[in-house]
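Peer 1: below are the sequence and a predicted model; questions follow.
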Amino acid sequence: MTIAFTPADTASLAQTEGTLVVLVGSDGALSGAGGAADAAMGGALKRAIASPRFKGKHGEAMEFPFPAGMKADRLIIASTGKDPLDATTARHLGGKIAAKMGKLETPGATVHADGLDAALTAELAAGMKMRRYAFNRYKTGKDADTLGKGSITVATADTDAAKAAFTDADALAEGTFFTRDLVSEPANVLYPESFAARLEALSELGVEVTVMREKELEEIGMGSLLCVGLGSPHESTVVVMKWMGGAEGDAPFCAVGKGVTFDTGGISIKPAGGMEEMTMDMGGAGVVSGLMKTVALRKAKANVIGIVGLVENMPDGLATRPGDIVTSLSGKTIEVINTDAEGRLVLADILFYAQREFKPAATVNLATLTGAIIIALGNTNAGLFCNNDDFATQIADAADAESEGIWRMPLAKEYDDLIKSSLADIKNTGGRAAGSITAAQFLQRFVNDSPWAHIDIAGVTLSKEAKPLHGKGASGWGVATLNRLVRDNFEK
Ligand code: BES
Ligand code: MN
Ligand code: ZN
């Protein structure tokens, strides 16, 4: 499937085949193309818009099958809503239109974006693309193309400007697809080594990719991260991805991701019900990977470093036991109370590594860290923990602008009492109370005072329902927020 831009031409409207989409503006009036279609259809569209059945809400769409006077199979009117469009609402409008279009047949669809400027047109196109994503790789007989059959043509006044603006919006769509693919893959296909191989492919885009395998991680001293993978035949792996598009010597923005390719819980094994969902426990690493792909594709003028810790948490004769004490890269010792609290063990070492090696201007880590964050915030918001109010505001603003839900949670030293160990420097669980907060407190013990945020994405990585920009399944939550965070705060 492709998305192409073509000059707006209302003269040939009645001759267009396939699906036709025209817009209803915030004033409730049809666009120029819509007016032409209405004229060809004997005023049917204006009657529909005037009827109480059409409220004119953002993304509201109505379908007219085999419209009289037109060659099209169907015509869809779609409302931009009462408020003027911005980049995000234009993208969402595209997503809602794509949902209304559903499966396309050849020759596909023509969407008339007259009335929108080039930037909004590009966002509309990107939104359609984002919503059409489907992970069909393991359904035999289905179209292998994630975007399905039929191409989409966007008719616009200035095709060159729209195409140019589409480059950045499309970078985000492609980056988000990379995340969704990684999250959707089963754990027999995506394990630490194969995950690392997919990241190595980013070097084609100019990302400098370094893969560290077990021997090297042992030499470096990542005893905390390594203890998680001891029960797995797969080699724990840390991948560093550098996109240095900014000024030389400028401190980088660092994104760090939990990449547990499957989480059985280890010796503290999880119950069978729903365990198959734990193929998504690499969601944090997935978002970091998608961010790196996005900034590379749009050639961001920023220094961005992504680090992912890739491990598989399995029970085995060699696996870490509850009660084991490990030494982290920082030198701090950790008593492993519960082997199912493995994400923080992975992050402890790569967060410390990131700050020691790269002296970042700011660090964000993303992780499907706790079930407790789903108890607290459901599937609507990710949990944000941050040691710096200004940085927290930057993140929340970026998420708001992208319509990705996020909610700040507290950090406070009082919670540290819950993770005191009698034998080691710290223990890896603090009991049921404040489960997401004690996990964040644990992470904070491995970072310095520079701006740092932990985003717990356990509730938002997989979506149970369709949203404007994605269907059920892997959402890609966070790629858009981090991309904007970089663009608005760490880019020239
Ligand atoms: N990967 C899980 C958290 C999770 C739960 C992610 C549900 C997505 C959906 C994490 O490793 C885990 O098992 N956390 C434990 C921590 C507990 C043992 C302190 C949890 O949340 O129960
Ligand atoms: Mn776990
Ligand atoms: Zn986990």
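Peer 2: Noted; the coordinates are in hand. Numbers count the residues shown, from 1 in each chain. Ligands and ions are numbered 1, 2, ... in the order given.
Peer 1: burial count for Asn188?
Peer 2: Counted with other CB atoms under 10 Å, the neighbours of Asn188 add up to 10. C-betas here are computed from N, CA, C, even on glycine.
Peer 1: part of a helix, is it?
Peer 2: No - under the criterion used here (DSSP: H, G, I helix; E, B strand; the rest coil), Asn188 is coil, not part of a helix.
Peer 1: burial measure for Leu423, as a count.
Peer 2: For Leu423, using other CB under 10 Å, the count is 9.
Peer 1: excluding its backbone neighbours, what's nearest it?
Peer 2: Nearest non-adjacent residue to Leu423, counting by CB to CB, 6 or more residues apart in numbering: Glu335, 5.4 Å away.
Peer 1: against Ala440, how distant is the one you found?
Peer 2: Using CB to CB, to the nearest Å, we find Glu335 at a distance of 18 Å from Ala440.
Peer 1: these two: which is more packed in?
Peer 2: Neighbours were counted for Glu335 and for Ala440 using other CB under 10 Å; Ala440 has more, 29 against 20.
Peer 1: just checking, Ser26 touches Thr80?
Peer 2: Yes - counting by CB atoms under 8 Å, Ser26 does reach Thr80; the two are 5.5 Å apart.
Peer 1: which one's more surrounded, these two?
Peer 2: Set Ser26 next to Thr80 and count neighbours by other CB under 10 Å: Thr80 wins out with 26 against 16.
Peer 1: tell me the contacts of the more buried one?
Peer 2: The contact partners of Thr80, by CB atoms under 8 Å, 6 or more residues apart in numbering, come to 23-26, 58, 89, 93.
Peer 1: show me which pair in those is furthest apart.
Peer 2: Taking CB to CB as the measure, the contacts of Thr80 span a maximum distance of 14.3 Å, between Val24 and Thr89.
Peer 1: the two: who's more crowded?
Peer 2: Remark: of Val24 and Thr89, Val24 carries more neighbours, 24 against 21, as counted by other CB under 10 Å.
Peer 1: ignoring the adjacent residues along the chain, who's closest to Val460?
Peer 2: Excluding its sequence neighbours, the residue lying closest to Val460 (CB to CB, 6+ apart) is Trp477, at 4.2 Å.
Peer 1: how is this structure carved up into domains?
Peer 2: Structural domains annotated on the chain: 2-157, 173-489, as defined by automatic domain parsing.
Peer 1: mind checking how far stretch 381-401 is from the chain centre?
Peer 2: Stretch 381-401 sits 16 Å away from the centroid of its parent chain (CA atoms, centre = their mean, to the nearest Å).
Peer 1: is ligand 1 within reach of that stretch?
Peer 2: No - Stretch 381-401 lies apart from ligand 1 when judged by CB under 6 Å from any ligand atom; the minimum separation is 11.7 Å.
Peer 1: for that stretch, give me every contacting residue.
Peer 2: So stretch 381-401 is contacted by 88, 362, 364, 373, 376-377, 404-411, 436-437, 440, 443-444, 447, 449, 451-457, 459-460, 477-478, 481-482, 484-485, 488-489 (CB under 8 Å, 6+ apart).
Peer 1: in three-state terms, how would the residue in the stretch 51-200 of the chain that ligand 1 sits nearest to be classified?
Peer 2: Residue nearest to ligand 1 within the stretch 51-200 of the chain: Val183 (11.3 Å; CB to the nearest ligand atom). Three-state assignment for Val183 (three-state DSSP): helix.
Peer 1: spatially nearest residue to it, not counting backbone neighbours?
Peer 2: Ala474 (3.8 Å).
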